[in-house]
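*Asks:* Sequence plus predicted model, see below.
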Amino acid sequence: MKKLLITGVSGFLGWHLGQLAQLEWEVYGTYHSHFLEVPDIKMVKVNLTDFQELKGIFNDIKPDAVIHTAAQSQPNYCQLHSQESYKINVTASCDIAGLCADNSLPLVFTSTDLVFDGLNAPYQEIDQVSPVNIYGEQKVEAEVGILKVYPQAAICRMPLMFGRETPTAKSFIQQFIQILKDGKELSLFIDEFRTPVSANTAAKGLLLALEKVNGSIHLGGKERISRYEFGKILVEILQLPNDKLKSCFQADIKMAVRNIKIYLLGSVSEA
């Protein structure tokens, strides 16, 4: 069996990816802060921002392919701790690309739909990026740096993702459900549009990209939807109390950064 190295396998997307990948690969997963013992996945502790540690992992494992999902992905955190997040979001990503290039290894990098500002949606892969926050800027810089070092890499721009919770991470829907079950008010945006996709579908897209994609590709879902509309669907399917579900505008909430309409076209999820 060929070896697949997944960074950030203890994260939400990484965990779902590892579960699916182990059907066809010998999977090695890195973690930094959240140890996760997963059957049939060999876990390796590494600080991805330490190049010597990173290089040592490549030398020890000798992977046949790499999917890099590890990131500081909270926009507000990146806005307040930009130097710290830069190390993992940009520097480590480019270092991984360089190591993959040196060994001609297939590489998939998970970027984000937040490389766009949401003013001219829907977006295709050929559209000009236009981030409005530091997280988006860092992902753009990583995309450019990776393709400069390794043009054969696949850049997968990921949408909002949902799915069952993992031992170390939850998607946004678990929080929604718990708030409503507790009888608390849940206010969701009606002016932020995304193209959400299940983590399992996203994982399938990443594995497909590993074999068939060079350059950038969007892995968004088939339909655009607001968070409020998504919440209404959850309430109906799970038969949750709906009297506490409220709509709101982004301007009503104090946030470091905002995005209005970010939905992707050209998605592998339609394949």
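*Replies:* That came through fine.
*Asks:* Pull stretch 9-22 out as CSV, backbone CA atoms only.
*Replies:* Taking Å, rounded to 0.1, in the frame of the first residue of the first chain, the C-alpha atoms of stretch 9-22 are listed here in CSV:
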residue,chain,number,x,y,z
VAL,A,9,-5.5,14.8,10.8
SER,A,10,-6.9,15.6,14.2
GLY,A,11,-8.9,18.5,12.8
PHE,A,12,-12.4,18.3,11.5
LEU,A,13,-11.7,17.8,7.8
GLY,A,14,-8.5,15.9,8.5
TRP,A,15,-10.2,13.3,10.6
HIS,A,16,-12.9,12.7,8.0
LEU,A,17,-10.2,12.5,5.3
GLY,A,18,-8.2,10.0,7.3
GLN,A,19,-11.2,7.8,7.7
LEU,A,20,-11.9,7.7,4.0
ALA,A,21,-8.2,7.5,2.8
GLN,A,22,-7.3,4.5,4.9
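*Asks:* Show me what that stretch is in contact with.
*Replies:* For stretch 9-22, the external contacting residues (C-beta atoms under 8 Å, 6 or more residues apart in numbering) are 4, 6-8, 27, 29-31, 33-36, 38, 40-41, 43, 67, 69-70, 110, 158, 161, 163, 166-171, 199-200, 202-204, 206-207. Where C-beta positions appear, they are placed from N, C-alpha and C, glycine not excepted.
*Asks:* chain center to that stretch: distance?
*Replies:* Offset of stretch 9-22 from its chain centre (C-alpha atoms, centre = their mean, to the nearest Å): 11 Å.
*Asks:* per-residue confidence averaged over it?
*Replies:* The pLDDT scores in stretch 9-22 average 94.
*Asks:* Identify the residues contacting stretch 156-174?
*Replies:* By C-beta under 8 Å, 6+ apart, the residues outside stretch 156-174 that reach it are 10-13, 15-16, 34, 36, 108-113, 115, 125, 194-200, 202, 205-206, 209, 213, 216-221, 227, 230, 234, 263-264.
*Asks:* Quick one: mean pLDDT over it.
*Replies:* The average pLDDT for stretch 156-174 rounds to 91.
*Asks:* Output that stretch as PDB - backbone C-alpha positions only.
*Replies:* Extracted in PDB, the C-alpha atoms of stretch 156-174 (Å, rounded to 0.1, in the frame of the first residue of the first chain):
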ATOM      1  CA  CYS A 156      -8.400  23.000  -3.300                       C
ATOM      2  CA  ARG A 157     -10.500  26.000  -2.200                       C
ATOM      3  CA  MET A 158     -12.800  24.600   0.500                       C
ATOM      4  CA  PRO A 159     -16.200  26.000   1.400                       C
ATOM      5  CA  LEU A 160     -18.000  25.900   4.700                       C
ATOM      6  CA  MET A 161     -18.100  22.300   5.800                       C
ATOM      7  CA  PHE A 162     -20.500  20.300   8.000                       C
ATOM      8  CA  GLY A 163     -20.700  16.700   9.300                       C
ATOM      9  CA  ARG A 164     -20.700  14.500  12.300                       C
ATOM     10  CA  GLU A 165     -18.400  15.600  15.100                       C
ATOM     11  CA  THR A 166     -15.100  13.900  15.500                       C
ATOM     12  CA  PRO A 167     -13.300  13.100  18.800                       C
ATOM     13  CA  THR A 168     -11.500  16.500  18.700                       C
ATOM     14  CA  ALA A 169     -13.600  18.800  16.500                       C
ATOM     15  CA  LYS A 170     -17.100  19.800  15.600                       C
ATOM     16  CA  SER A 171     -18.700  21.500  12.600                       C
ATOM     17  CA  PHE A 172     -20.900  24.500  13.000                       C
ATOM     18  CA  ILE A 173     -24.100  22.400  13.000                       C
ATOM     19  CA  GLN A 174     -23.400  20.800  16.300                       C
END
